[in-house]
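> predicted model, plus sequence, below.
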Amino acid sequence: MDWGSIAGIAVAIAGILFGQALEGGHISSLLQPAAFMIVLCGTLGAVLLQTNLKCFITGILMARQVFISPIDDRQAIAKRINRWAVHARKEGIFMLEMFLKQETDPFIRKGLQLMVDGTPPDKIREICAIDMHFYEIQQRNAAKIWSAAGGYAPTVGILGAVLGLIHVMENLSDPSRLGSGIAVAFVATIYGVGLANLIFLPISNKLKALIQHEQMRREMMLNAWVSMANGDHPKIVQERLQAYLR
């Protein structure tokens, strides 16, 4: 569990509610279902319009990584690679096939398989680099739905404000209905700006950092595989791995 992300959202929301209370306002005045539905559904529709459904679903599922960060297994991978390097040095790189069944990560299996097949080092780098490139494109496109939502939400909030003011103008003759219309107008703007800057954009930036971290993890493995394929001594492989672990 990433308690920093949870604490960040909690502090942001608590700060807004506490500030509202300090100003003498009622917290209940910020709870406007109509304004929330306008902003949320309007933003959702705009994001769905600009992206395909598969990419949208992937981006939504990626959001759980913000609160449940993937385990950093670079140390464990480095130990396994060091073991592979020693084994390849003693028995030959083709004998790494025995380790294939122990791995579940598709990228690791691909790297091991390429070495076992006797693929030249430059081809290993080329093939894995292409895999990394398209993985990054796919992940970044999915993460972009959150930055897109952060761009649309404030504008949809303004749209909600205009709708609220229209409701006010339609009921000028009935003072009892003016209050709800004005509340929707102002609260819709708060929802739009708040969701964009406190939820959507931070999630987008966090996902970008996680994608970069995964790319660094894969780059660490790729450089180790190329070193092993070149026949480098296990100590050289280990030194190259340590550069990514410091």
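That came in fine, so what should we check first? Numbering: from 1, shown residues only.
> now the helix or strand hosting Ala34 - C-alpha only, CSV.
Taking DSSP states H and E as the criterion, the element that holds Ala34 is helix 33-50. What follows is helix 33-50, C-alpha atoms only, in CSV (Å, rounded to 0.1, in the frame of the first residue of the first chain):
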residue,chain,number,x,y,z
PRO,A,33,-24.9,15.9,-6.5
ALA,A,34,-26.0,17.7,-9.6
ALA,A,35,-22.7,19.6,-9.9
PHE,A,36,-20.7,16.4,-9.3
MET,A,37,-22.6,14.5,-12.0
ILE,A,38,-22.2,17.3,-14.5
VAL,A,39,-18.4,17.4,-14.0
LEU,A,40,-17.8,13.7,-13.6
CYS,A,41,-20.0,12.5,-16.5
GLY,A,42,-18.9,15.4,-18.8
THR,A,43,-15.2,14.7,-18.2
LEU,A,44,-15.8,10.9,-18.6
GLY,A,45,-17.5,11.4,-21.9
ALA,A,46,-14.8,13.7,-23.3
VAL,A,47,-12.1,11.3,-22.3
LEU,A,48,-14.0,8.4,-23.9
LEU,A,49,-14.4,10.4,-27.1
GLN,A,50,-10.7,11.0,-27.5
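> what packs against the following helix or strand past it?
Counting by DSSP H and E, the next helix or strand C-terminal to helix 33-50 is helix 53-62. Under the contact criterion of 3 or more CB pairs under 8 Å, 6 or more residues apart in numbering; DSSP states H and E, helix 53-62 touches helix 121-170. Yep, even glycine has a C-beta here, placed from its N, CA and C like the rest.
> what is the mean pLDDT for the helix it packs on?
Here helix 121-170 scores 91 as its mean pLDDT.
> please apply the same query to stretch 3-22.
Stretch 3-22 comes out at a mean pLDDT of 82.
> quick one: residues in contact with the helix holding Ala34.
For helix 33-50, contacts defined as CB atoms under 8 Å, 6 or more residues apart in numbering pick out 56, 145, 148-149, 152-153, 156-157, 159-160, 163-164, 183-184, 187-188, 190-192, 195.
> now for Leu53, how many residues are close by?
8 (other CB atoms under 10 Å).
> buried residues of stretch 71-87, list them for me.
74, 77-78, 80-82, 84-85, 87 (16 or more other CB atoms under 10 Å).
> list phi and psi for the most centrally placed residue in the chain.
Centroid-nearest residue in the chain, with CA atoms, centre = their mean: Leu207, separated by 2.1 Å. Here is the backbone geometry of Leu207 (degrees, to the nearest 10): phi -60, psi -40.
> what residues are up against it?
62-63, 65-66, 139, 143, 146.
> which strand or helix spans Glu219?
Using DSSP H and E, Glu219 falls in helix 201-229.
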